[in-house]
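[1] show me the folded form of this:
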Amino acid sequence: MRKLVGLARTLLGRNGATPMRPQDLPFEVGDRVRSIVGPWHETVLAIDVKAEHGLGRVTVQRDDGTILHQAAIAHGLVPEKRKDA
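    Presented below is the predicted three-dimensional model:
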């Protein structure tokens, strides 16, 4: 019976991670960011901290138009310095 209850909880998503807070991210929607693994510069389109069972999702669009989705918990993005700052 315990195995059945554990399976039901897994299927219903109650075993997910505790969602992170949007304040924990170093950027917001609309900010320009760069990737730490390549020469890409991107714009943050959306942040959903409850997606992917609590790991979160960051949606970005590269300058060439490519749209990517990354886990918010390990996004690999660094905010670009603003020219006016």
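[2] contacts, neighbours, all on C-alpha from now
    Will do.
[3] skipping adjacent residues, who's closest to residue 35 in space?
    residue 77 (4.8 Å; C-alpha to C-alpha, 6 or more residues apart in numbering).
[4] so how far is residue 6 from the one you found?
    Distance of residue 77 to residue 6, computed by C-alpha to C-alpha, to the nearest Å: 36 Å.
[5] low pLDDT regions in the chain?
    Within the chain, the stretches with pLDDT under 70 are 7-19, 82-85.
[6] can you show me the strands along it?
    Counting by DSSP state E, one finds strands in the chain at the ranges 32-35, 41-48, 57-62, 67-71, 77-79.
[7] nearest to residue 24, out of these?
    Across these, residue 24 has its closest neighbour in strand 41-48 (11.7 Å, C-alpha to C-alpha).
[8] give me the helices and strands touching the closest one, please.
    Contacts defined by 3 or more C-alpha pairs under 8 Å, 6 or more residues apart in numbering; DSSP states H and E place strand 41-48 against strand 32-35, strand 57-62.
[9] quick one: the last one to strand 67-71, angle?
    For strand 57-62 against strand 67-71, the angle by axes from the mean of the first three to the mean of the last three C-alpha atoms, to 10 degrees is 150 degrees.
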